[in-house]
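[1] My questions are about this predicted structure, shown below with the sequence.
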Amino acid sequence: MAESSKSKLYFGIALVAILLFSLFLILQIVLLQRTLRVVVNAVARIAILSIKAPPTTQQNALDTSTWKTYRNEKYGFEMRYPKDYAVIEGGPDSYELQLREGKAISGTQTPLLEQVDVKAKTGEVVITIDIPDNTNLGVVSGEYEWWLRPCGQEGFATILTKEKTNVAGYKTLHVVSEFEYPPASPKSTRTAHFYCINFPRQPIIINFGEEFQEQANQILSTFKFTK
């Protein structure tokens, strides 16, 4: 009986030791996963932060001699774009029309007075200039109030970074945001850049997808206000 009791005792100790060792391994795996996740996120943020503000024409020897010029007299800005691109103007969007009719609109969407798309010859929109209607929207409060004013009601999904910069001589907030595609889409997410320009006369939002970043930055380097 004594030998049997000892065997049971040893078996119990061994079982407890195995359980504790297994628990230790599980905790190590969890900690390793968390560490890897932190490292991956840190690397991703460093990569995004390394993206510099749009290049200026002085910094970049871009030849725009054959480019066309788009000028918007109503809102006082102009830009140049490749001759084989097209500029498409759009009037008030559906949210702005609803607002004018006194109807409620989504709190995450900015009603637009006008939208200007620059399209490549493939028909894809390379860069968009949005003219938001901020007249009936509350002022964004907080430390970055003047930075966020142009983007006050923009429907950002996941904000990856926010960076203060300058576009065409005016204070600007550069927001990098990630959006989810519909479930049926072959792509899962899309990263977009937003330049929210605090132009006193009329705040302007310039946005483009990361896949068009090079072409969009070239166009953005020619953007300027005329009034």
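    Alright, I've got the coordinates.
[2] Cross-check the contact I'm expecting between residue 158 and residue 177.
    Yes - counting by Cβ atoms under 8 Å, a contact exists between residue 158 and residue 177, whose distance comes to 6.4 Å. From N, CA and C alone the C-beta is placed, and that goes for glycine too.
[3] quick one: which of the two has more around it?
    Neighbours were counted for residue 158 and for residue 177 using other Cβ atoms under 10 Å; residue 177 has more, 20 against 11.
[4] Put the alpha carbons of the one helix or strand the more buried one maps to into PDB.
    Taking DSSP states H and E as the definition, one finds residue 177 inside strand 170-180. Taking C-alpha atoms only, strand 170-180 is exported to PDB below (Å, rounded to 0.1, in the frame of the first residue of the first chain):
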ATOM      1  CA  TYR A 170      -1.600  77.100 -45.400                       C
ATOM      2  CA  LYS A 171      -1.700  75.000 -42.300                       C
ATOM      3  CA  THR A 172      -2.800  71.400 -43.200                       C
ATOM      4  CA  LEU A 173      -3.500  68.200 -41.500                       C
ATOM      5  CA  HIS A 174      -2.300  65.100 -43.300                       C
ATOM      6  CA  VAL A 175      -4.400  62.100 -42.300                       C
ATOM      7  CA  VAL A 176      -3.700  58.500 -43.500                       C
ATOM      8  CA  SER A 177      -6.700  56.300 -43.100                       C
ATOM      9  CA  GLU A 178      -7.500  52.700 -43.800                       C
ATOM     10  CA  PHE A 179     -10.900  51.700 -45.200                       C
ATOM     11  CA  GLU A 180     -12.500  48.300 -45.500                       C
END
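[5] What is the neighbour count of residue 174?
    21.
[6] And residue 76, by the same measure?
    Residue 76 has 15 nearby residues by other Cβ under 10 Å.
[7] Thanks a lot, catch you later.
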